[in-house]
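> Here's my sequence, what's the structure:
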Amino acid sequence: LESASISELSLLVSPFAALLLDIMIVASLQKLAKRKGPYDVTPGLLDYLTMDTYAFPAGHASRAAMLSKFFLNHLVLAIPLRILLVLWALCVGFSRVMIGRHHITDVLSGFVFGYLQFRLVELIWMSSNTCQMLISIW
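So this is what the prediction gives:
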């Protein structure tokens with residue numbers, strides 16, 4: 001990472017921190033709400049390991065919305081790629097409804113939480129010095 005420029009370093013570390021933040025926030029909200037998905041499916045071992053036992057809010061939708069908004073704001077993309085990025089996020093979210101893991105309101109709230117988390121990460125954007133310090137600790 002010595003050859004990475006300052007802006008590249010921030011573009012690598014900040015989304016990673018945002019994803020960790022998303023996992024903690026969504027897992028906490030799911031534990032508080034304890035809303036089950038539309039089908040009474042007994043969670044398997046993998047579901048417990050990935051903390052995916054409750055439906056509200058939809059974590060996949062939250063992460064897809066946050067990452068797509070992040071890339072739309074920080075990368076220079078052609079219009080077709082921007083459209084594909086938004087479609088990808090929508091497909092990720094609504095696929096969760098189609099496979100029966102979430103209600104539509106879980107996914108919509110996941111999109112909202114993802115956007116709000118993006119705004120939070122933008123507010124606390126890490127400077128290049130902070131990123132260098134975090135990587136040197138790692």
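
> need the contact list for Ile35.
That one is not Ile; residue 35 is Arg. Tyr54, Ala55, Phe56, His103, Asp106 (Cβ atoms under 8 Å, 6 or more residues apart in numbering). (Each C-beta comes from the backbone N, C-alpha and C, glycine too.)

> Would you confirm that the third one contacts Ala33?
Yes: in this structure, Phe56 sits in contact with Ala33. The criterion is Cβ atoms under 8 Å, and the distance is 4.4 Å.

> will you turn the contacts of Arg35 into JSON lines that also has pLDDT?
Formatted as JSON lines, those follow (pLDDT from 0 to 100):
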{"residue": "Tyr54", "pLDDT": "77"}
{"residue": "Ala55", "pLDDT": "77"}
{"residue": "Phe56", "pLDDT": "84"}
{"residue": "His103", "pLDDT": "85"}
{"residue": "Asp106", "pLDDT": "91"}
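
> among those residues, which two are most distant?
Within the contacts of Arg35, two members stand farthest from each other by Cβ to Cβ: Tyr54 and His103, at 11.5 Å.
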